[in-house]
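S.K.: for reference, the sequence and a predicted model appear below.
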Amino acid sequence: MSGSHRLKRLLARIGSANSHAITIASLITSIQKTKSRVAVRIAAPLLLVLFAISISLIFLPNPINSSPQSTGQELSKLSAIINLSDRRESYNLINYLKYLEDKDSNFTIEQVSSSEFSQRFQSSKIEPPNYGYTSSTYWAKLQIQNPSDRDTKWILSIDHHQIDHISIYTADAQQKWTAKTTGLLYPFSSREIRDRLPAFPVNISAQTSQDIYLRFQSTSPNIIQAYLREPTAFWQYRNTQNIWFGIVYGILIFAIFYNLFLFTALKEQIYLYYALFVFAALIAFLVYDGFGIQYLWQNAVWWNKYAVHTLLYIAFISLTEAIKLFLGTKKYMPRWHPVLLFYQRALVVLLVSLFFLPFRLAAIIAILICISLCFFAFALGVVAFSRKYLPARYYLLSFSCFLITFSVYLLSLLQVIPNYEWLKDTYRFGTVAFVVLLSLALA
C-alpha cells in the first residue's frame, strides 16, 4: 500500500472517531442540560428560602444569650444606675433593668425593696427579656439618678401590648410607695398616658436618685422590652412607628378588596377564603399592636385577652381552606387532603375551647398546631411542584415568606429559639410579602 493510501485511511478513521465523539458529547451535554433545568425548577424556591435564612444569619446580630455565663457577667458590668443627661432623649433599659422571679406571686413592694431582696435581682440573659408562658410574677428594678439642677419628666414604656397587668411603684420623700397599673386587662380610659402600649409618667427631681420597681403578671408571654424617653421624643417615636404600621395595614386592606374583586369577577371561592384570611390577620395585627383597645373597644377588657388568638384561629382556618383549593388536594392529593381537614377541625375545636380551657394551655396547643400546619402546607407545595403542578411554584415562593417568619416568631414565644429583637417585626413583613405574592399568583 502506498503512503498516500495509508494517510487517507488514517484521516478517515480520525474523522469517524471525531464524529462519534462529537455525537456522544452532544448527547451528554443535552442530558446534563435537561437535568439542570429540572434541578433548577425544583430547587429554585428552596434556594430562595435558604438564601433568605443565610442573609438573616449573616447580617442580623447574635443573640445576647449565646454564652449564658459570660453574657451574664457582661450584663452585670453594663447594668448600672441611669445618669440622666440633657444630651439624651431616650434610653433602652435592657442594660439597666434587673429582674426577680416571684413564683407564688406573693411578694410585696416592701419585701422586694428591702436590702434582703436587693441582691436577688439579676440581669436578663436574653435580649429582650422573654420569660415565655409562665405562671410566675416578675419584678424589675430600675435605678435612676438626675445630676442636673432641674426636674425632669420622662415616659417609661413597654413595647409589648400582650401583658395582662403591669404595675409601677415609686416612693416619695417619706418612702411611702405609690402604685400605678396598666396592661392588657386594664381599661384604656383609666390609663394615665393614653397610648396603645403600656406607659407610665416618671418624674425625677433635681439632684436626686430614685429606685423604681415594675411588677409584671401575665398568662401570655412576658416580653419586657422597656424604654425611657422624654415626652417629646416618645410621641415622635410613636408617630413614626404608626406611619410604618399604616403602610402595612394599607397593603393588607388593598389585598382584601383585591381578592373580593377577583371573587366577584371570577366566582371562585378561593378568593373569598383568602380575603377572609387577610381580614382576620389585619384585625389580629391591630389588636396585637394595641390599636384595638385604643380605637375599637376601650372598655371591653375581657375581649383583649382572647381577641388575638380568636382572630388567628379564624385566619388559619380560612388559609387552610384556600390551600386546599389552590393545590386541589381533594383531586390531586387524596392521601393528604384528610390531614388538612384534621387541621381545620382541630382549629375549630381550639377556637371553642379557648373560652373553657386554661388560657395558657389552649394558647400553647394552638401555637404548636399552627407551626406544624405551616410546615405541612409548605411540604404539600413541594410535593405538588415535584408532580409538575406548575402553580405550586408561586405557592412556594409566597408561602415560604410566611412560613419562615411566622413559625420562627412562634418558636421564640415558646422559648425554643432565642428571642432575637428583630423577630418582633419580621413576621409582620413576612405576612405582607406572603399576601402580595400570593395575591398575584391567584390572579
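M.R.: Thanks, I have the structure now. In this text, all values refer to a predicted model and were calculated from it rather than measured experimentally.

S.K.: for the rest of this, base every contact and every neighbour count on C-alpha atoms.
M.R.: Noted.

S.K.: which stretches of this structure form strands?
M.R.: With DSSP state E as the criterion, the chain has strands at 82-83, 90-92, 98-102, 137-146, 152-158, 165-171, 177-182, 199-204, 208-217, 226-229.

S.K.: want to throw those into CSV with distance to Val416 and mean neighbour count?
M.R.: Formatted as CSV, the strands of the chain follow (distance: least, C-alpha to C-alpha, whole Å; neighbours: other C-alpha atoms under 10 Å):
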stretch, distance to Val416, mean neighbour count
strand 82-83, 33, 15
strand 90-92, 25, 15
strand 98-102, 20, 19
strand 137-146, 20, 20
strand 152-158, 23, 19
strand 165-171, 25, 19
strand 177-182, 29, 16
strand 199-204, 29, 18
strand 208-217, 21, 19
strand 226-229, 23, 20
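
S.K.: same list (those strands) but as CSV, adding distance to Leu354.
M.R.: Formatted as CSV, those follow (distance: least, C-alpha to C-alpha, whole Å):
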stretch, distance to Leu354
strand 82-83, 43
strand 90-92, 35
strand 98-102, 27
strand 137-146, 23
strand 152-158, 26
strand 165-171, 20
strand 177-182, 24
strand 199-204, 29
strand 208-217, 20
strand 226-229, 30
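
S.K.: Gln122: which of those strands is closest?
M.R.: strand 98-102 (4.9 Å; C-alpha to C-alpha).

S.K.: I'd like the mean pLDDT over that closest one, please.
M.R.: Mean pLDDT, computed over strand 98-102, is 87.

S.K.: so where is the protein shaky, pLDDT-wise?
M.R.: 1-79, 419-422, 441-443 (pLDDT under 70).

S.K.: on that earlier part again, Lys125: which of the strands of the chain is closest?
M.R.: strand 98-102 (10.4 Å).

S.K.: residues in contact with the closest one?
M.R.: In this structure, residues lying in contact with strand 98-102 by C-alpha atoms under 8 Å, 6 or more residues apart in numbering are 79, 120-124, 136-142.

S.K.: where's the closest residue to Asp102 other than its chain neighbours relative to Ser218, distance?
M.R.: Using C-alpha to C-alpha, 6 or more residues apart in numbering and skipping the chain neighbours, the partner closest in space to Asp102 is Thr137 (4.9 Å). Using C-alpha to C-alpha, to the nearest Å, Thr137 is found at 8 Å from Ser218.

S.K.: just to revisit the earlier point, state whether the residue nearest to Asp102 and Phe216 are indeed in contact, as I suppose.
M.R.: Yes - between Thr137 and Phe216 there is a contact under C-alpha atoms under 8 Å: 5.8 Å.

S.K.: name the nearest of the contacts of strand 98-102 relative to Thr240.
M.R.: Comparing these against Thr240 with C-alpha to C-alpha places Leu142 closest, at 27.0 Å.

S.K.: quick one, helices of the stretch 51-200 of the chain?
M.R.: 68-78, 109-112, 115-118 (DSSP state H, counting those that start in this stretch).

S.K.: actually the stretch 301-443 of the chain, not the one I wrote
M.R.: Counting by DSSP H, counting those that start in this stretch, the helices of the stretch 301-443 of the chain are 301-327, 329-332, 337-353, 359-386, 392-413, 423-442.

S.K.: which elements pack onto the last one?
M.R.: Think helix 423-442. helix 231-266, helix 392-413 (3 or more C-alpha pairs under 8 Å, 6 or more residues apart in numbering; DSSP states H and E).

S.K.: tell me the most buried of these?
M.R.: When the helices and strands packed on helix 423-442 are scored by mean count of other C-alpha atoms under 10 Å, the highest mean neighbour count falls to helix 392-413 (a mean of 22).

S.K.: list the contacts of that helix.
M.R.: Against helix 392-413 from outside (C-alpha under 8 Å, 6+ apart): 45, 48-49, 130, 132-133, 221, 327, 367, 370-371, 374-375, 378, 381-382, 384-385, 417-419, 423-424, 426-428, 430-431, 433-435, 437-438, 441.
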